[in-house]
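Student: task: produce atomic coordinates for the following.
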Amino acid sequence: MPEEKDNHPPDSGSGGSPLSQPAHTLPYEVVLKELSTGLDEGLAPEEASHRLEQYGPNKLDEGEGVSLVKILVRQVANAMMLVRAHCPFC
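Tutor: Numbering: from 1, shown residues only. From the prediction side, this is the model:
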């Protein structure tokens, strides 16, 4: 029995990219065509709504955030390690 071929393009990155290859390897005209978008006008509102429904919002997960105290402690600890590494008496 012959193998069935998958007609879907391979995923080339996170988010299930619909491109045939990673975007940076393709000419921009091919990227525009494969993504069904226009250079000047972008996505049609209907297509944008469809992609928002399909993929969700283009938003990163909220993390802990940056703690100024943690940054300061790491900087001081790093500086102390540098001093210790170069100190002949330590």
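
Student: list the contacts of residue 38.
Tutor: residue 32 (Cβ atoms under 8 Å, 6 or more residues apart in numbering). From N, CA and C alone the C-beta is placed, and that goes for glycine too.

Student: on the pLDDT front, check it for me.
Tutor: Listed pLDDT for residue 38 reads 90.

Student: also residue 11?
Tutor: With respect to pLDDT, residue 11 has a value of 41.

Student: from residue 70, how far out is residue 77?
Tutor: Distance of residue 77 to residue 70, given as Cβ to Cβ, to the nearest Å: 10 Å.

Student: and if you look at residue 34?
Tutor: 43 Å.

Student: one more: residue 22?
Tutor: From residue 22 over to residue 70 the distance is 35 Å, taken as Cβ to Cβ.

Student: strands of the protein, residue ranges please.
Tutor: When secondary structure is read from DSSP state E, the chain shows no strands.

Student: can you list the low-confidence ranges for it?
Tutor: Scanning the chain for pLDDT under 70 picks out 1-16, 80, 82-90.

Student: how about the helices in it?
Tutor: Using DSSP state H, the helices of the chain run over 28-34, 45-55, 68-86.

Student: any chance of TSV for these, columns mean neighbour count and distance to residue 18?
Tutor: What follows is the helices of the chain, written out as TSV (neighbours: other Cβ atoms under 10 Å; distance: least, Cβ to Cβ, whole Å):
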stretch	mean neighbour count	distance to residue 18
helix 28-34	13	7
helix 45-55	11	10
helix 68-86	9	39
